[in-house]
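A.B. asks: Sharing a model prediction with you, sequence too.
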Amino acid sequence: MLGLILLMPVFLVIMIVILVDSRGGAFFMQTRVGKGNREFKLLKFRTMRTGSEKTGGLTIGVHDSRITKTGYFLRKFKLDELPQLLNVFIGDMSLVGPRPEIRKYVDLYSGDQLVVLSVKPGITDYASIEFMDENAILGRSPDPEQTYITEIMPAKIAMNMQYIQNYGAKEYFAILFRTLAKIIGR
């Protein structure tokens, strides 16, 4: 709640810039899968042109033509994720935890991998830090969807399973500080 109140001026500025930069609303909602395999609506600042999700789910490359000028900036510094503080506030998410996936990818999880659905998803995790440039990796792939499914997604899940096994306050705050350091370092 405190974070939402303190960041309200930032939210307003970002919303205005998004609305001036391109047509459509300031927010983007997408159904994701969270704790207990339950679906919820994840909230982000809109970084793509309206309707872009219909042309593909993965953002590919650092210069995906669907991303707006403002969207590039918001994504670079992960500011598009700020509205997820509302998801944290209402209880769908935590600050730290496995990033929630869309149903299409969760349906590909093995039985062992489903353990990541035993905890609340988070805004950040070790996989978010490690794959901060995921779009660039996918942009270099001849088959981005296949690369995501066979290489990136299993690596992310393995990191999330390790986090769950070592869960504690030390891990939680280590991830928060490493995320901030990585963002500031950009």
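C.D. replies: Sure, I can see it.
A.B. asks: Tell me which helix or strand in this structure has the weakest average pLDDT.
C.D. replies: Least confident element among the helices and strands of the chain, by mean pLDDT, DSSP states H and E: helix 134-139 (a mean of 85).
A.B. asks: what are the C-alpha coordinates of it, in PDB please?
C.D. replies: Coordinates of each C-alpha in helix 134-139 appear next as PDB, following Å, rounded to 0.1, in the frame of the first residue of the first chain:
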ATOM      1  CA  GLU A 134      15.300 -12.500 -23.000                       C
ATOM      2  CA  ASN A 135      13.900 -10.500 -25.900                       C
ATOM      3  CA  ALA A 136      17.400 -10.200 -27.400                       C
ATOM      4  CA  ILE A 137      18.000 -13.900 -27.000                       C
ATOM      5  CA  LEU A 138      14.700 -14.800 -28.700                       C
ATOM      6  CA  GLY A 139      15.500 -12.200 -31.500                       C
END
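A.B. asks: what residues are up against the residue sitting furthest away from the middle of the chain?
C.D. replies: Farthest-out residue of the chain from its mean C-alpha position, per C-alpha atoms, centre = their mean: Val20, at 23.9 Å. Counting by C-beta atoms under 8 Å, 6 or more residues apart in numbering, Val20 makes contact with nothing. From N, CA and C alone the C-beta is placed, and that goes for glycine too.
A.B. asks: do you know how far it is from Leu86?
C.D. replies: 23 Å (C-beta to C-beta, to the nearest Å).
A.B. asks: returning to what we had before: so which helix or strand takes in the residue farthest from the centre of the chain?
C.D. replies: In the assignment (DSSP states H and E), Val20 maps to helix 2-21.
A.B. asks: List the buried residues in that helix.
C.D. replies: Neighbour counts over helix 2-21 (16 or more other C-beta atoms under 10 Å) mark Phe11, Ile14, Met15, Val17, Ile18 as buried.
A.B. asks: Could you find the closest non-adjacent residue to the fourth one?
C.D. replies: When you say that, I think you mean Val17. Thr70 (5.3 Å; C-beta to C-beta, 6 or more residues apart in numbering).
A.B. asks: list the contacts for the one you found?
C.D. replies: Val17, Ile18, Asp21, Ser22, Thr47.
A.B. asks: Report the mean confidence score over stretch 114-130.
C.D. replies: For stretch 114-130, the mean pLDDT works out to 96.
A.B. asks: who's in contact with it?
C.D. replies: Contacting residues not belonging to stretch 114-130 are listed as 32-37, 81, 84-85, 87-88, 91-100, 106, 109, 155-157, 159-164, 167, 175-176, 178-179, 182 [C-beta under 8 Å, 6+ apart].
A.B. asks: so where's this protein shaky on pLDDT?
C.D. replies: Applying pLDDT under 70 to the chain picks out residues 54-63.
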